[in-house]
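J.: give the three-dimensional model of this entry:
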Amino acid sequence: MSETFLIPARRCRVFETISRSRFITTIGHAADDAAAKQFIGKISSEFADASHNCWAYQTGPPGDTISIGMSDDGEPHGTAGRPMLTVLIHAGVGEIVSVVTRYFGGIKLGKGGLVRAYTSGVKQALEQLPTTYKQEFEVITGLFDYRHLREIRRICRTFKARIVDEVYAERIRLEIELPAGTRQAFEKEVSRF
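T.: Here you go, the predicted structure:
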């Protein structure tokens, strides 16, 4: 698992009409299953009068399939949720949720047409989706002499680490938040103190 990966920076929405059916694709950020379900509920409520609100989510790093979900929401089995999820898993973006809302236009698209329509909406939204990087962190604790505090702070800046707690006693106890993957190098630098 990579320590840094792309996630949606904010919600993105695209519209498409296919054979008189209107498709509205909404993509957003979901750090966990609860956030994904909340997003799905919000979009489904917004479009409560739609024929279908199909959805898919993947709440881990890009490509991770440990925490996923999908629903065809009444469309024929395998024509919406699974194809949407496949696009999300291969998008290179993590912690992502998508809802494709369909207002039926009176013309049946067939299974192949539905798969193409639902994947098309997700692909178009991904092309417009603003992203940002998510950085994983870990917290370590260390005891230091007062005379080394300035040097420890300098090392923290070098490693883009942040002191999240300081306790002053006989020695200073520092709780330091480090970017994941830098612990060994950071500890090597501060071990001389």
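J.: how about the strands in this structure?
T.: Listed in chain order, the strands found in the chain under DSSP state E are 4-8, 12-18, 21-29, 52-58, 68-71, 96-103, 131-135, 137-144, 162-168, 172-179.
J.: any figure for the gap between the residue nearest to residue 152 when sequence neighbours are not counted and residue 180?
T.: Distances taken as CB to CB, 6 or more residues apart in numbering place residue 144 nearest to residue 152, at 5.6 Å, with adjacent residues excluded. Heads up, the C-betas are built off the backbone N, CA and C, glycines and all. The gap separating residue 144 from residue 180 is 22 Å, by CB to CB, to the nearest Å.
J.: farthest residue from the center of this structure?
T.: residue 170 (43.1 Å; CA atoms, centre = their mean).
J.: and that residue, backbone torsions?
T.: Main-chain dihedrals, residue 170, degrees, to the nearest 10: phi -60, psi -40.
J.: would you quantify the distance from it to residue 145?
T.: From residue 170 across to residue 145, the span is 9 Å (CB to CB).
J.: likewise residue 130?
T.: For residue 130, the distance to residue 145 - CB to CB - is 46 Å.
J.: so which residues make contact with the helix ranked longest in the chain?
T.: The longest helix of the chain (DSSP state H) is helix 110-128. Contacts to helix 110-128, defined as CB atoms under 8 Å, 6 or more residues apart in numbering, come from residues 12-14, 16, 18-19, 21, 23-27, 54, 56, 75-76, 78-80, 83-84, 86-88, 91, 93, 98, 100, 102, 109.
J.: what angle separates it from strand 21-29?
T.: Interaxial angle, helix 110-128 versus strand 21-29 (axes from the mean of the first three to the mean of the last three CA atoms, to 10 degrees): 40 degrees.
J.: before we move on, back to that, turn the strands of the chain into a markdown table, including distance to residue 35, mean pLDDT and mean neighbour count.
T.: A markdown table is the format used below for the strands of the chain (distance: least, CB to CB, whole Å; pLDDT from 0 to 100; neighbours: other CB atoms under 10 Å):
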| stretch | distance to residue 35 | mean pLDDT | mean neighbour count |
| --- | --- | --- | --- |
| strand 4-8 | 11 | 92 | 18 |
| strand 12-18 | 16 | 97 | 15 |
| strand 21-29 | 8 | 98 | 23 |
| strand 52-58 | 9 | 98 | 26 |
| strand 68-71 | 12 | 98 | 18 |
| strand 96-103 | 8 | 98 | 27 |
| strand 131-135 | 13 | 89 | 14 |
| strand 137-144 | 19 | 91 | 14 |
| strand 162-168 | 24 | 93 | 12 |
| strand 172-179 | 22 | 93 | 18 |
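J.: mind putting those into CSV with distance to residue 121?
T.: Output for the strands of the chain, formatted as CSV (distance: least, CB to CB, whole Å):
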stretch, distance to residue 121
strand 4-8, 15
strand 12-18, 6
strand 21-29, 3
strand 52-58, 10
strand 68-71, 14
strand 96-103, 5
strand 131-135, 18
strand 137-144, 34
strand 162-168, 40
strand 172-179, 35
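J.: wait, which of those strands is closest to residue 43?
T.: For residue 43, the closest of these is strand 96-103, at 4.1 Å, according to CB to CB.
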